[in-house]
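Colleague: can't give you the sequence, but here's the structure:
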């Protein structure tokens, strides 16, 4: 069992930046692929970014490529999502998830989920 907790959400103006953090409870955190997803009101949860256990491989949704960066610090059991050049359409609840697979880009590929953190981008 892996318990993950997101933090760092908030209100930001369009064009601004935020960094989300996801702290995991398990000492074997470095064995899990990690991902970020988001869900906007009235929409389905969508993939944002993913990273392998080593951090050597990452994947991004086309909508965030070049603006968001996923990274991890296995010594701190933490994965990050740096979000730059935020747009109104980035407003959503952002979820962190852990996968027993090396990397995954769909919700079905993840085994443990956090409760989410709200990101609101204003004009």
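Modeller: Received the coordinates, thanks. The structure presented is a predicted model; accordingly, all values stated were derived computationally and were not measured. Numbers count the residues shown, from 1 in each chain.
Colleague: just the helices in the chain please.
Modeller: In the chain, no segments count as helices under DSSP state H.
Colleague: where does it dip in pLDDT?
Modeller: Along the chain, no part satisfies pLDDT under 70.
Colleague: residue nearest the middle of it, spatially speaking?
Modeller: residue 36 (2.4 Å; Cα atoms, centre = their mean).
Colleague: right, and it touches residue 93 too?
Modeller: No - in this structure, residue 36 is not within contact of residue 93 by Cβ atoms under 8 Å, at 11.2 Å. Every residue, glycine included, has its C-beta placed from N, CA and C.
Colleague: give the bridge partners for the residue nearest to the centre of the chain, please.
Modeller: residue 49, residue 96 (DSSP bridges).
Colleague: and residue 19, by the same measure?
Modeller: residue 82.
Colleague: contact partners for it?
Modeller: 8, 80-83 (Cβ atoms under 8 Å, 6 or more residues apart in numbering).
Colleague: can I have the buried ones of these as a PyMOL selection?
Modeller: The PyMOL command for the buried members of these (criterion: 16 or more other Cβ atoms under 10 Å) is given here:
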select buried, resi 8+80+81+83
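Colleague: who's in contact with the nearest residue to residue 119 once chain neighbours are set aside?
Modeller: Computed as Cβ to Cβ, 6 or more residues apart in numbering, the closest residue to residue 119 that is not its neighbour in sequence is residue 9, at 4.8 Å. If a contact means Cβ under 8 Å, 6+ apart, then residue 9 has 18, 20, 94, 117-119 as its contacts.
Colleague: ok, of those residues, which come out buried?
Modeller: Neighbour-count burial (16+ other Cβ under 10 Å) applied to those gives 18, 20, 94, 117, 119.
Colleague: what's the distance between residue 30 and residue 107?
Modeller: As defined by Cβ to Cβ, to the nearest Å, residue 30 lies at a distance of 22 Å from residue 107.
Colleague: typo on my end, residue 123
Modeller: 30 Å.
Colleague: kindly report the same for residue 57.
Modeller: Residue 57 is 19 Å from residue 107, where distance means Cβ to Cβ.
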